[in-house]
Structures are given as C-alpha cells and as structure tokens.
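*Asks:* 3D, please:
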Amino acid sequence: MADETLSFVRNIGVVAHIDAGKTTTTERILFYTGKIHKPGEVHEGDTTTDFMVQEKERGITIQSAAISCEWKNWKINLIDTPGHVDFTMEVERSLRVLDGAVCVFCAVGGVQPQSETVWRQADRYAVPRVAFVNKMDRMGANFARVVDELREKLRAPACAVELPIGKEENFKGVVDLVEMKGIVYDEASEGVEFTTGEVPPDLKDEAELARAELCEKVADLDEESMEPYLENGDLTAEQLHAAIRRLTLANKFVPVLCGSAFKDKGVQPLLDAVGRYLPSPAERPAVVATDLKSGEPVTRRHESKELLTALVFKIATDTYGRLFFVRVYGGVLKKGANVYNPRTKKRERVMKIVRLFADERTEVEELHAGDIGAIVGLKEATTGDTLCAEMKPCHLERITAPQPVMFLAIEPKSGADKDKLVDSMRELAAEDPTCQFREDEETGQTILSGMGELHLEILVDRLKREFKCAANVGKPMVSYVETVTRPARKEFTFDRELGGKRHAATLAIEIKPLERGSGPKVSVSREVKMALPDPKLEAVIEQGLLDGVATGVLARYPMTDLEVTAAGATLVDPEISDEIAFRGAAVMGFREAAEAACPEFLEPIMKLEITAPPESVGEVLGDLNVRRGSVLDMVQRDDVQIVHARVPMAKMFGYSTAIRSLTKGRASYSMEPDSFALVPKSVREELLAR
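*Replies:* The predicted model follows:
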C-alpha cells in the first residue's frame, strides 16, 4: 500500500459483550461491501468469521478473525473479536494493533460486564471508538437508556448521531441527526434497498432537540466549531462531520448509532461512520519503541521510508504451517527479506506473506506501514515480539497476557502418546498466551491452565480433533496463586558435588510484596552484575529466580505480586562458581526468602452480574452469601432487578444450574475475572492439607 493511499485505510475491530451481535454485524458489513453474496447466520453456523468447528457448534466467536473489504473510497481491515470473557486475550491483542473500534451494545442489555472490560482495554491503548446500539427490534430495546449508560457506567463522552424510527418490532430505520434525514429500510431486499427522505413528522421535535444537543456538545469540545455555532446557533452537516471526526480521533467524543444487524437495518450508516470518524494509520500517533542499544525511546511514523518496525500480535497454525500475524508500524516488510528479533537477538527469514480473509489466504509480495497481514517462515518468534531492522534494532511494548484462573490434569491414553501431547500443547500455548501447561513434579501429571471452564473445554476439544491426541482429562479446578505479605532477605550458599565436580556460590535474595495485580518482577542488582565473572551468569540467575516464582513454596502454585532481587553475590572460586552453582543458589535462595516473607494463597475473584425478577432476589442473595459472595449494589431496570457482586471462582462451579433452579429459569448472569484476594483461613488449611 502506497503512503498516499494510507489515508483511506481503516484498521478496526468489532468488540462487545457476548451475544451483543458482533459477528452478525460483521457478516452484514461483508454483505453490503460485496465480499459475500449472502449473509450467514450465527445460529446456522455459516458465518464467514466463525470458521472453527467449535465456533460453528457453539454459535460463539472463539478466535479473532481478520477480513478486508471496501466501502466507497475506504479500505477496511476488520477484526471480529470474541465476546466471551474466557477469550479476552483475543480482544487485548487485537486492540493493541488496531487504529479504531466499533463497540456493539445490546439495546436491551445495555452496558454489560464484558462491555466494560473491552472498553477499558480500548482505553488502555487510546483507541478511538464508534458505538453501535444493536438489536433495536427486540422487545425492551431502549436507545436513550443505552446512551445514558455509556456516559454513566463507562464515563464515555457519548452522544447520539442517530435516532431510531419505530420501537421494538416496529423498528424500521434511523434518523441521521447530522444530515437531518430519515432512512427507512426495505426488509424484502435484506436491507440493500432503503428510502432516504424527510424526518418523520412524529419524530421531528425529538430530532431537532437531539440535533441541538449534538451541536452544543460538539461546539463545547471543538474550538473550530465554537465560532460558527455562536454566530449561527447551528452547525452545517459538513461542519459537524469534520468536528466529530476531530473529536473522535482525540478520544473526546464517541458517536452513537443504532440499528438491527439481524434485521438488516442501520449497517450502511455504520460503515459511513467508520470511514468518516475513525482514523487511518497515518492519523494515529507515531508508535514509540525502545532502542535496543541505548535504551532510549525512539519513534516510528507510519511511513514506508521509515526503518522496519512490526509487531507479532498473534500466532495460528493452518495449511501454510505456522502463521505469524503482524502489524507493520513503519517501513516495508518484504517476502524473502531477513528480519531481526530483539528478544532472541537472531535474524530470521520471511518465506511468505499473506493477506487474510477469515480462513482464506492470498499471497502478496510485501506489507507496508499501516498494513496488517501474516508471515510464514519464522522459527522462534512468539506473541508480542518485535520484528525490526538489524542496523538499528528496537523493541515495542509487549502484549501482556492475563493470569490463568483454572486448570485441569491431562494425560495421554498411552505412554507412546506423551511426546505428541506435549508437542500439541506447545503449539496451543504458542497460539494462545493464556494457555499454559506444566508437569507436576510430585504426581508426574501434566497440568493445563486456562481462563475458565469454556476455555479449557475448547483447548481439550482442539487437542482431540485438530491434533488427534487421545487423552484422559480431569475435572477443572481453580488455579490458586501464592504471594508474600512482608519483605524478607536471605543469603543462601549452594555447595554441592555433582558428577565428581564441586559447584559453589552464594546469593543474597531480597523479596518484597507488591500491590494486587502487579504480577511477579525479577531482577539482578548492579552489585551482583559487577561481581559476576561471566555476563551469561546474569541470565542464569534470572532464570533460577523465575523457576522459583513458577513453582511457589506452599503448594507448588505459581507466585505473583512480589518483587524478587538478587541483591548480593559471593564467588567461592571462579572455577566452581559456575552456572550450576548460581542457578541452584537462585532457586533455593528464593525459596528460603519466600518462606521467611509469610507466604499466603490468593484466589481468583469473579465480578458477577445477575438479572433476576424482583420476587427471586431474596433467594439469589441467600445463595450468594453461602458462596462467600459480597453484593456491590442492586439496580432496578424496568421490571427486573440487577445484582452486582464479587464471588470466589471456587464457589461458581455449576452456578448456571443453581440459578435456574432458584428462579425457575427466569434469571440470567454473566461474570468476568475481577482480581485475586487472600483466601480465608479455612481455605488455606484445606489447600495445605491437599
């Protein structure tokens, strides 16, 4: 893609709470842009972006899928992301590389728990957004309430740029407040044909008030619009379009549109809004990387003449072999070229480059700045790696994966299949950073960890179907973690004779607790680095400390929210103070220091939202109390009560059956990981007894 055409490119993602209609909206986008001739339906399992067997069977999105289409003058690269909380990593890494997002909200459910999660993820990367209130044809749909919830719950600078024509089953189109025109859709033509005309008389007063509010909000936020607004008391359509674009790019404004993707209404204006209001790669701030040699920040503009800077944000395996999805931030990535990986400090060759359309691949010769594509041929790259020019190496900020909260034991049906199972899990872990596996030293079992019951179910299903691994699988269990509650320092001397040779070294290890959510941090002090006879020993010590963190000290759970530092080192003799000695001193010294730092267990806590009829709330609250839950608040919405609570994940197994029984099937719920908290004394004793 030439730099002069970059302004017409839109790299966007479609994000939302589960079942808000992301995939249906994406399918209609493909239909109206001419990429497919008939839109598929999620419930029939024939949508373009849900191409995995597991997605078709369950009617949900599991993996983010990339597609490209064209609308008017704009080329749209779009990623359809999962809505289920178990696959939040897919949303995280997609938003990391995208320039804009379409946030879909259910007109009945409004702002739901996962809506808040994806909104926070978009905030983290300062991604400009357009909101689309979907399912306007459903009973209980309320556009105005959803706009209010965007402002109150998400603190978003949201403002309607459309109004619905008709309510619930009578919804038939939208009023464009910028152009002040009505758009009514013809259902018989699957929404391809529509009539544009005057605003319906019964909506004229409401539309004029809404447009006045829109103009006032825009003029208040945009300096260029203030003068013409004060002079005329109004803004023209051209002035509004330009001002909304400026404010949206600056994350000071979120245009809110409405429609019903399933009933083929409102998608074309959404495509117009994507082109008009969301940024091209050239309009995003220059990406900031870190120079590998100096450690100083460097910037890379979205220009082909820049030095190559690209980020590997996803890995997948298909008929091409292993595909490395990349976003090019600067320079040109060419087929056959060598690229440098600062993490491995190795040069690798790009064998093929492909553009993506869900599960279809088209080979191309190069990717330019602003492009998203996939490459084949890398050997050692992982998610979050930077690919750059070797002459001036730099690295971009890595993508952070959330901590797994559940695990299960898995073992091959026969001993001959063990290596195959391990290799297959290694493939899954390379694709999905939230999938982790390890071997339990005491039981010899392989432990597979993930983000929830559904995530583990999908992983096991893929092992059996895709990788043909017959395995025995245990029940899912909560993945506790360990931490420390006070600072400690211990000095440990490793002095052993192994294989007829003595290995000896002394390390002083310091540990201190960190705030919840900080994760583990491992470092080697400057004093230790100066004392080491070989620079390679620094990496050996770090790895020893990381191994200690991974295995814990109470019950072999990994440790988190602590800072570990190798603070001092003593060499017995350069000949015997070798890698074996320092690694042993690091692992065992860490364990002694951690035991002295009052270790405790942490358990994952879930944020729970329950929608129930008022007459069943008493039973629901009583059940939450039994599950060690704490109620945060209760809100009345129409004729239902919404309960927000925090509950330990360990108490949420089988909750779907329990709440159906309590409320005679009239309640629904959704939950997402919230935080980790210290376990009660009774749970601590139970875990130690295991």
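*Asks:* Please enumerate the helices of the stretch 551-690 of the chain.
*Replies:* Using DSSP state H, counting those that start in this stretch, the helices assigned to the stretch 551-690 of the chain run over residues 579-596, 617-626, 655-662, 681-689.
*Asks:* okay, these, which one's buried deepest?
*Replies:* Ranked by mean neighbour count under mean count of other CB atoms under 10 Å, those are led by helix 579-596, which reaches a mean of 23. (Each C-beta comes from the backbone N, C-alpha and C, glycine too.)
*Asks:* tell me the mean pLDDT for it?
*Replies:* Averaging the model's pLDDT scores along helix 579-596 yields 92.
*Asks:* who touches it?
*Replies:* 484, 488-496, 498, 503-511, 532, 536-537, 540-545, 547-549, 552-553, 559, 562, 564, 566, 569, 572 (CB atoms under 8 Å, 6 or more residues apart in numbering).
*Asks:* Narrow these to those in helices?
*Replies:* Counted as lying in helices by DSSP state H, out of the contacts of helix 579-596, are 536-537, 540-545, 547-549.
*Asks:* looking at it, Val328 is touching Gly370, isn't it?
*Replies:* Yes - Val328 sits in contact with Gly370 when judged by CB atoms under 8 Å, with a separation of 6.8 Å.
*Asks:* Kindly give the local confidence score, pLDDT, for Glu57.
*Replies:* At Glu57, the model reports a pLDDT of 62.
*Asks:* thought Ser259 was touching Ala273?
*Replies:* Let me fix one detail, which is that residue 259 is Gly and not Ser. No - under the contact definition of CB under 8 Å, Gly259 does not touch Ala273, with a separation of 10.9 Å.
*Asks:* and those two? which has more neighbours close in?
*Replies:* Summary of the neighbour comparison: Gly259 and Ala273, criterion other CB atoms under 10 Å, with Gly259 having more neighbours (32 against 24).
*Asks:* How about the more buried one: what's its closest non-neighbour residue?
*Replies:* Closest residue to Gly259 in three dimensions, ignoring its sequence neighbours and counting by CB to CB, 6 or more residues apart in numbering: Gly266, at 1.8 Å.
*Asks:* residues near the one you found, how many?
*Replies:* 27.
*Asks:* Tell me the predicted confidence for it.
*Replies:* So Gly266 comes in at 93 (pLDDT).
*Asks:* what sits against the closest residue in space to Ser525 that isn't next to it in sequence?
*Replies:* With sequence-adjacent residues excluded and distances taken as CB to CB, 6+ apart, Ser525 is closest to Ala567, at 5.1 Å. When contacts are counted by CB under 8 Å, 6+ apart, Ala567 is found next to 489, 508-510, 525, 527-528.
*Asks:* most neighbours, which of those?
*Replies:* When neighbours are taken as other CB under 10 Å, the top entry among the contacts of Ala567 is Ile509 (29 neighbours).
*Asks:* distance of Pro404 from Val9?
*Replies:* 36 Å (CB to CB, to the nearest Å).
*Asks:* continuing past the helix or strand of the chain with the lowest mean pLDDT, what's the next helix or strand?
*Replies:* Per-element confidence for the chain was summarised using mean pLDDT, DSSP states H and E. The lowest value among helices and strands belongs to helix 53-58, with a mean of 61. Per DSSP states H and E, the first helix or strand lying C-terminal to helix 53-58 is strand 65-71.
*Asks:* List the neighbouring strands of that following strand plus their orientation.
*Replies:* Here strand 65-71 has these sheet partners by DSSP bridges: strand 74-80 (antiparallel).
*Asks:* Need the contact partners of the strand it pairs with.
*Replies:* 5, 8-14, 22-23, 26, 29, 33, 49, 61, 64-70, 94, 98, 271, 274-275, 371-372.
*Asks:* let's see it at 6 Å
*Replies:* Under the contact criterion CB atoms under 6 Å, 6 or more residues apart in numbering, strand 74-80 has outside partners 8-14, 23, 26, 49, 64-69, 94, 275, 372.
*Asks:* and the residue most central in space within the chain, which of the three is it?
*Replies:* Centre of the chain computed as the mean C-alpha position; nearest residue by CA atoms, centre = their mean is Glu92, 2.0 Å away. What DSSP: H, G, I helix; E, B strand; the rest coil gives for Glu92 is helix.
*Asks:* what's near enough to touch the nearest residue to it once chain neighbours are set aside?
*Replies:* By the measure of CB to CB, 6+ apart, the closest residue to Glu92 outside its immediate chain neighbours is Gln121, 5.7 Å from it. For Gln121, the contacting residues are 91-92, 95, by CB under 6 Å, 6+ apart.
*Asks:* which element follows the helix or strand where Gln121 lies toward the C-terminus?
*Replies:* For Gln121, the host element (DSSP H and E) is helix 113-124. Downstream of helix 113-124, the next assigned helix or strand under DSSP H and E is strand 129-134.
*Asks:* quick one: buried residues of that following strand?
*Replies:* 129-134 (16 or more other CB atoms under 10 Å).
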